[in-house]
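Engineer: predicted model and sequence below, questions to follow.
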Amino acid sequence: MVVNPLSLFSLLLLSGLLVSCGGNPASEAPAESDSTLTEYHLDAAQMKRIGLQVGPARDTLVSETLVLTGSITLPPNNRADISPLVAGQIRTIHVTEGRFVEEGAVVAELNSPEALRLQEQHLRAWSQTQWLKAESDRQEALVKADAGALKLAQKAQADYQMALAELESSGAQLQLMGYNLQAIRQGKFEPVLKLRAPLHGHVAMIGGRPGEYVQPGKILLQIVNTHHLHVELDAFENQLSALRQGADLQVSPTSGNFKPFKAHIFGYPGALDENSRSVKVHAEIEDPQPKELFAGLGVRAKLNAVAVQAGVVPLEAVIRQGGKLYVFEPAGTQSGKSYFKKTEVSAVVEGSSFYALRLPLPSQMVLKGAYNLEGVPQSAEEE
């Protein structure tokens, strides 16, 4: 059973381990000088004056929070690059960056001599197949009537098959470019190559201008659909054991005035990247997706992982220094003075009034007055 650390902190207060104190701890302990003492010592009067209290941390189960970083990403099918299949000169571009376009809308036009030649080739192949089919049927009928040569019939059939292959190849290319084959077979050629949006979304990039001659594969426009974004996070080797399919995430953008939102993990690879020793974790944003999100936005995601054993202490038992956390543990008494040494610790959970520290911990530590102890001037020890 996982114990609420807030309730546990209340138990600490009731057990008498903590007593009321005067003053609030500073948010950051003063930086140590080059002559930092490894031990701190106080006499009884000093300990009473600063209200120093010593006791053990209270062991309990807490839910460890795993923090992952990453960014908002687009699924592969939500981004499309638009390129011509044949070379041509840009005639006009019908959109501007940021504009929303519907799927199938014409976004740019090219004047393409190559597209005209391909239409002409298709019409010629169409005409040839009509004649060669008739000739092949005639030669086959003559062979059946023992009035023709088999060799001529075979040649007619081969010629027909070659023309048919050319017809189908040119027709497939023209259909990919959006041309009407029936119109072409009637001699109605279209000199303009129209580029259409393969999905609905916003124009993210325009890579050409009217009058420019472009080659096949040149990206002229990019369209993105942001209605269904994903979260992509980096999980390192020591975090993998906490990952699980369907786990809920609390995601917060790292910049801008964005509200946190919820997501859940739907997939991650089973192998580590050899260089970074991490894996990419993919999460689905729960509906309703915040409208202000966009691809590339940096995020931090919190995952409540499995319960772990930890030691709970009040917030004032821990000092933060140089980005690290420390507690003071008793180091013995001598000549009427109590000695303490600073020990580095790490937090599993940091609450508003407590720390849940990762085990193992010292059996005894300063629970009240750690910041006051840090600030007491230390004189050289008398021999």
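Structural biologist: Okay, I see it.

Engineer: what pLDDT is listed against residue 361?
Structural biologist: On pLDDT, residue 361 comes in at 94.

Engineer: okay, now it: neighbour count?
Structural biologist: Residue 361: 18 surrounding residues under other Cβ atoms under 10 Å. From N, CA and C alone the C-beta is placed, and that goes for glycine too.

Engineer: surely residue 371 meets residue 320?
Structural biologist: No: between residue 371 and residue 320 there is no contact under Cβ atoms under 8 Å: 9.8 Å.

Engineer: what's the burial count for residue 163?
Structural biologist: The burial count for residue 163: 20, using other Cβ under 10 Å.

Engineer: follow the chain on from whichever strand or helix holds it and name the next helix or strand.
Structural biologist: Per DSSP states H and E: residue 163 is located in helix 150-176. As assigned by DSSP H and E, the chain's next helix or strand after helix 150-176 is helix 181-185.

Engineer: and that next one, what does it pack against?
Structural biologist: helix 113-144, helix 150-176 (3 or more Cβ pairs under 8 Å, 6 or more residues apart in numbering; DSSP states H and E).

Engineer: what's the spacing between the residue nearest to residue 143 when sequence neighbours are not counted and residue 160?
Structural biologist: Nearest non-adjacent residue to residue 143, counting by Cβ to Cβ, 6 or more residues apart in numbering: residue 153, 4.7 Å away. Here residue 153 is placed at a distance of 11 Å from residue 160 (Cβ to Cβ, to the nearest Å).

Engineer: hey, what's in contact with both of the two?
Structural biologist: Shared contacts of residue 153 and residue 160 (Cβ atoms under 8 Å, 6 or more residues apart in numbering): residue 136.

Engineer: hmm, residue 63 is touching residue 307, no?
Structural biologist: Yes: between residue 63 and residue 307 there is a contact under Cβ under 8 Å: 5.5 Å.

Engineer: in this structure residue 252 contacts residue 299, no?
Structural biologist: Yes: at 6.5 Å, residue 252 and residue 299 qualify as touching, with contact defined as Cβ under 8 Å.

Engineer: and these two? which has more neighbours close in?
Structural biologist: residue 299 (24 against 14).

Engineer: how about residue 109: what's its closest non-neighbour residue?
Structural biologist: Once flanking residues are discounted, residue 109 sits nearest to residue 91: 4.3 Å by Cβ to Cβ, 6+ apart.

Engineer: that neighbour: what secondary structure?
Structural biologist: strand (DSSP: H, G, I helix; E, B strand; the rest coil).

Engineer: right, and it touches residue 111 too?
Structural biologist: Yes: with contact defined as Cβ under 8 Å, residue 91 reaches residue 111; the gap is 5.2 Å.

Engineer: show me the common contact partners of these two, please.
Structural biologist: Common neighbours of residue 91 and residue 111 (Cβ under 8 Å, 6+ apart) are residue 192.

Engineer: buried residues in the helix holding residue 163?
Structural biologist: For helix 150-176, a neighbour-count test (16 or more other Cβ atoms under 10 Å) marks 152-153, 156-157, 159-160, 163-164, 166-167, 170-171, 173-174 as buried.

Engineer: pLDDT below threshold where in the stretch 51-200 of the chain?
Structural biologist: Along the stretch 51-200 of the chain, segments meeting pLDDT under 70 span 145-148.

Engineer: please repeat the previous calculation with a cut-off of 90.
Structural biologist: Applying pLDDT under 90 to the stretch 51-200 of the chain picks out residues 61-67, 76, 132-157, 159-160, 191.

Engineer: which element is residue 283 on?
Structural biologist: Here residue 283 is assigned to strand 278-285, by DSSP H and E.

Engineer: against residue 123, how distant is the residue nearest to residue 143?
Structural biologist: From residue 153 to residue 123 the distance is 27 Å (Cβ to Cβ).

Engineer: again, but for residue 247
Structural biologist: Taken as Cβ to Cβ, the span from residue 247 to residue 123 is 60 Å.

Engineer: same check on residue 238?
Structural biologist: 67 Å.

Engineer: for those two, indicate the residue with more neighbours.
Structural biologist: Remark: of residue 238 and residue 123, residue 123 carries more neighbours, 19 against 9, as counted by other Cβ under 10 Å.

Engineer: now do the contacts for the closest residue in space to residue 209 that isn't next to it in sequence.
Structural biologist: Distance criterion Cβ to Cβ, 6+ apart; nearest residue to residue 209, sequence neighbours excluded, is residue 90 at 6.6 Å. For residue 90, the contacting residues are 108, 109, 110, 208, 209, 210, 211, 212, 213, 214, 220, by Cβ under 8 Å, 6+ apart.

Engineer: what is residue 90 paired to in the beta sheet?
Structural biologist: Counting by DSSP bridges, residue 90 forms beta bridges with residue 110.

Engineer: now residue 193, which residues is it bridged with?
Structural biologist: residue 110.

Engineer: count of residues packed around it?
Structural biologist: Around residue 193 there are 23 residues (other Cβ under 10 Å).

Engineer: pull the contacting residues for it.
Structural biologist: 84, 86, 88, 109, 110, 111, 112, 115, 177.

Engineer: buried stuff in stretch 246-254?
Structural biologist: 247, 249, 251, 253.

Engineer: quick one: which of those residues sit in strands?
Structural biologist: Mapping the buried residues of stretch 246-254 onto strands (DSSP state E) picks out 249, 251, 253.
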